[in-house]
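Colleague: Quick one: sequence and predicted model below, then my questions.
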Amino acid sequence: MLSDEETRRLLRAAKAGDAGAKEALLAGNVSLLKSIVRRYLGKGVEFDDLFQLAGMGLLKAIAGFDEGYGVRFSTYAVPMIAGEIKRFLRDDGSVKVSRALKAAAKSMARYAEEYAAEHGSAPTVGQIAEKFGMEESEAAFVLGSSRMPVSIYEQADYKDEKTPGLLERLPAADDQDEMIERLQLRDAIEALPEREKKIIMLRYFRDMTQSEVAKVVGVSQVQISRIESRVVSEMKRKLG
């Protein structure tokens, strides 16, 4: 496992575009990824596929993490990783694409073919986005909606193009849109009574032990344990 200091150093480098730093973070968090993947075994999806999904979640966490959050990277990454797997399982392992989305993807594919034939190379996501009047993140989503990538390192459809694989094409700006579960969690926490909200924030967003929280709140550790258990169970039920 990477130390907190090393993790933050690699995160800064990864955000600056260092692909080696991303690989180091992936390698350094293998144990974490495996521990999360094990929770979802036996649901009809192979370990390797689940592990790849976990890796996608980790990459999104790398792109979206802000040291200003005041939490450990692992605290931020775990729900992102689990969310990536749960979304896949919830959709029965497939991306449900509307007819309009399929039509847009087909139009983009046709444009890309024509562009490649004329210029000898495939257009970038930015060029496609400009052509269809949308943000790059939206264009990337539409282009990827028609198929599930085999690997996060997979090249695009045009074998002679120089553009990077999906790992490098994941847009950081799109991370906030992808974190539906994180937003739902935030709303659920905001709805809690003040004392329960404080306990959850201290436990899960400040990494404090139950004993430490008990001293802050002014109750016993046993009471904190009971409150935490009840609140977490209720939130799990509400969030599904």
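Modeller: Cool, got the structure. None of the values given here were measured: they were computed from a predicted structure.
Colleague: contacts and neighbour counts: CA atoms only from here.
Modeller: Will do.
Colleague: model confidence over stretch 230-239, on average?
Modeller: Stretch 230-239 shows a mean pLDDT of 76.
Colleague: er, stretch 114-130 actually
Modeller: Rounded mean pLDDT across stretch 114-130 is 85.
Colleague: Find the least confident helix or strand in this protein, judged by mean pLDDT.
Modeller: Using mean pLDDT, DSSP states H and E, helix 175-178 stands out as the lowest-scoring helix or strand of the chain, at a mean of 39.
Colleague: quick one: secondary structure of the nearest residue to residue 53 once chain neighbours are set aside?
Modeller: Leaving aside its sequence neighbours, residue 53 sits nearest to residue 85 (CA to CA, 6 or more residues apart in numbering; 5.8 Å). Classification of residue 85 by DSSP: H, G, I helix; E, B strand; the rest coil places it in helix.
Colleague: start the count at 245, not 1, going forward
Modeller: I'll keep to 245 as the first residue from here, and by that count the last item is residue 329.
Colleague: Show me how this protein divides into domains.
Modeller: The chain breaks down into these domains under automatic domain parsing: 248-334, 343-415, 423-483.
Colleague: could I get those domains as a markdown table with mean neighbour count?
Modeller: As requested, the domains of the chain are exported to a markdown table (neighbours: other CA atoms under 10 Å):
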| stretch | mean neighbour count |
| --- | --- |
| domain 248-334 | 17 |
| domain 343-415 | 15 |
| domain 423-483 | 15 |
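Colleague: Of those, which shows the lowest average pLDDT?
Modeller: The bottom spot among those, by mean pLDDT, belongs to domain 343-415, with a mean of 65.
Colleague: biggest helix in the protein by residues?
Modeller: Assignment by DSSP state H gives helix 343-363 as the longest helix of the chain.
Colleague: Can you identify the element that follows that helix toward the C-terminus?
Modeller: helix 369-375 (DSSP states H and E).
Colleague: by contact count, what packs against that following helix?
Modeller: Helices and strands touching helix 369-375, by 3 or more CA pairs under 8 Å, 6 or more residues apart in numbering; DSSP states H and E, are helix 343-363, helix 380-389.
Colleague: hmm, try it at 7 Å
Modeller: Packing partners of helix 369-375 (3 or more CA pairs under 7 Å, 6 or more residues apart in numbering; DSSP states H and E): helix 380-389.
Colleague: Residue 321: which element?
Modeller: helix 317-334.
Colleague: for that helix, packing partners?
Modeller: helix 291-308.
Colleague: at 10 Å what do you get?
Modeller: Packing partners of helix 317-334 (3 or more CA pairs under 10 Å, 6 or more residues apart in numbering; DSSP states H and E): helix 248-259, helix 274-282, helix 291-308, helix 419-422, helix 424-434.
Colleague: possible to save these as a markdown table with distance to residue 477?
Modeller: Putting the helices and strands packed on helix 317-334 into a markdown table (distance: least, CA to CA, whole Å) gives the following:
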| stretch | distance to residue 477 |
| --- | --- |
| helix 248-259 | 30 |
| helix 274-282 | 19 |
| helix 291-308 | 24 |
| helix 419-422 | 24 |
| helix 424-434 | 12 |
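Colleague: right, and the ones you listed - which one's nearest residue 466?
Modeller: With CA to CA as the criterion, residue 466 lies closest to helix 424-434 of the helices and strands packed on helix 317-334, at 21.4 Å.
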